[in-house]
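**Q** Here is a sequence with its predicted model. Questions after.
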Amino acid sequence: MRSASVIAKADLPLAVGPAMSATLGRGVEMFTATLIADGRLPADLSVVVDALERAGCAPRPVRWIDQGSAADIDFATDPAAARAALEGRVAATDVVVQPSEGREKRLLVADMDSTMITVECIDELADYAGIKAQVAQVTEAAMRGELDFEGALDARVALLAGLDEGAIDRCLAERVTIMPGAKALVRTMRARGARCVLVSGGFTRFAEPVGAEIGFDRVIANRLLVEGGVLTGAVARPIVGAATKEATLREEAAAMPLAQTLAVGDGANDLPMIRAAGLGVAYRAKPVVAAAAAARIEHGDLSALLWAQGIARRDWVMD
């Protein structure tokens, strides 16, 4: 199966991963456009085929991956033109444009906060200290790329000094929810032979149980320092940030081409691994990430990344 890239807006520069770049360089591969809208795709997709025809892409007939939810259209030329032609063509639909070879990935490296779970753990933990609004403002700026990640993390954790350690377990139990589609994505990929790694700029006390629940092979995250049952306001060194995420992707992919890797995240600290991966996905991401990533999911949940790999629902490993 094959590597996928969700189309960027027509007014943004085309961002491509290694797999797409190699394909464009050879100029001989077929491409596939995939439309993803769980249960909401119209039965008649002739408007999409017509748009590809007008763009000079020489489309083939529609092939359903799952009727009403995901469909492929193979075409012969110009993925950039296809992306521009299909953007917004069908409402509330994620559109994936990709080389027709190499879709299914052997490695997934994923962010945690606001990607594999629905919240930012540090913001929710700060709520137990009565300072959520203050901390969340810094988190948002850091995820938009407006602040240095490591400095912003140190500043936020310092505000938690003196918080009872028990707040961590309370926060995990009361606030942390697995993102829809996360378990199906990870468990299906692992069942098909892929390795899955969770790399978080958040904290081990959240990432380890989250990673175990979803089914990741490996978990990497920051360690909050605790003394006498309270948070010290510091994080163990070295900090897990953007460089660690990219380094982990490259380390885990040492025995395979980077084209066989998938990275997914939402914040600016995810950009290096997203850019390095064969399929780099911005998932409901901050604008700077959505603009730079070769792939983007905005409407569907994480199960969209299974359809992007051409995997039909009947083959998913569900909860």
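**A** Nice, I can see it. Numbering: from 1, shown residues only.

**Q** ok so residue 138 is a helix residue?
**A** Yes: secondary structure of residue 138 (DSSP: H, G, I helix; E, B strand; the rest coil): part of a helix.

**Q** tell me the contacts of it?
**A** If you count contacts by C-beta atoms under 8 Å, 6 or more residues apart in numbering, residue 138 has them with 147, 152, 155-156. In this view, the C-beta of every residue, glycine as well, is placed from N, C-alpha and C.

**Q** Tell me how many other residues crowd residue 88.
**A** Neighbour count of residue 88, defined by other C-beta atoms under 10 Å: 11.

**Q** let me redo that: residue 158
**A** Neighbourhood size, residue 158 [other C-beta under 10 Å]: 13.

**Q** ok, it touching residue 234?
**A** Yes: using C-beta atoms under 8 Å, residue 158 is in contact with residue 234, at 7.4 Å.

**Q** Spit out the contact partners of residue 286.
**A** 143-145, 266-268.

**Q** Please name the bridge partners of the residue nearest to the spatial centre of the chain.
**A** Ranked by distance to the mean C-alpha position of the chain (C-alpha atoms, centre = their mean), the top residue is residue 264 at 2.2 Å. Beta-bridge partners for residue 264, by DSSP bridges, are residue 110, residue 281.

**Q** any idea how far residue 200 is from it?
**A** Here residue 264 is placed at a distance of 12 Å from residue 200 (C-beta to C-beta, to the nearest Å).

**Q** shared neighbours of those two, which are they?
**A** Common neighbours of residue 264 and residue 200 (C-beta under 8 Å, 6+ apart) are residue 111.

**Q** CA atoms only for the one helix or strand residue 188 maps to - export them in PDB, please.
**A** Here residue 188 sits within helix 182-191, counting by DSSP states H and E. Coordinates of each C-alpha in helix 182-191 appear next as PDB, following Å, rounded to 0.1, in the frame of the first residue of the first chain:
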ATOM      1  CA  ALA A 182      -6.000   6.500  17.900                       C
ATOM      2  CA  LYS A 183      -6.400   2.900  19.000                       C
ATOM      3  CA  ALA A 184      -7.500   1.700  15.600                       C
ATOM      4  CA  LEU A 185      -4.600   3.400  13.900                       C
ATOM      5  CA  VAL A 186      -1.900   2.100  16.200                       C
ATOM      6  CA  ARG A 187      -3.300  -1.400  16.700                       C
ATOM      7  CA  THR A 188      -4.000  -1.900  13.000                       C
ATOM      8  CA  MET A 189      -0.600  -0.700  12.000                       C
ATOM      9  CA  ARG A 190       1.100  -3.000  14.600                       C
ATOM     10  CA  ALA A 191      -1.000  -6.000  13.500                       C
END
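
**Q** Relative to the whole chain's centre, how far out is it?
**A** 14 Å (C-alpha atoms, centre = their mean, to the nearest Å).

**Q** for the protein, what's the longest strand?
**A** strand 195-203 (DSSP state E).

**Q** remind me which residues of this protein are low pLDDT?
**A** 1-28 (pLDDT under 70).

**Q** give me that answer again for 80
**A** Applying pLDDT under 80 to the chain flags the ranges 1-28, 87, 98, 294-295, 319.

**Q** what about the helices in it?
**A** 18-26, 46-54, 79-86, 121-127, 132-143, 149-158, 166-175, 182-191, 204-214, 242-252, 271-276, 287-292, 304-308 (DSSP state H).

**Q** Out of those helices, which gets nearest to residue 62?
**A** Ranking the helices of the chain by their distance to residue 62 (criterion: C-beta to C-beta) puts helix 46-54 first, at 6.6 Å.

**Q** tilt between the closest one and helix 79-86?
**A** With axes from the mean of the first three to the mean of the last three C-alpha atoms, to 10 degrees defining the directions, helix 46-54 sits at 140 degrees from helix 79-86.

**Q** Okay, buried residues for helix 46-54 please.
**A** Buried residues in helix 46-54, defined by neighbour count with 16 or more other C-beta atoms under 10 Å: 48-49, 51-52.

**Q** Quick one: residues in contact with that helix.
**A** Contacts of helix 46-54 (C-beta under 8 Å, 6+ apart): 33, 35, 58-59, 61-62, 73, 75, 82, 85-86, 89-90.

**Q** CA-only coordinates of that helix in CSV, if you can.
**A** The C-alpha trace of helix 46-54 is given here as CSV (Å, rounded to 0.1, in the frame of the first residue of the first chain):
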residue,chain,number,x,y,z
SER,A,46,-18.2,12.7,-10.8
VAL,A,47,-17.5,16.3,-9.8
VAL,A,48,-14.2,15.1,-8.4
VAL,A,49,-13.3,13.2,-11.6
ASP,A,50,-14.3,16.2,-13.7
ALA,A,51,-12.1,18.5,-11.6
LEU,A,52,-9.1,16.2,-12.2
GLU,A,53,-10.0,16.0,-15.9
ARG,A,54,-10.0,19.8,-16.2
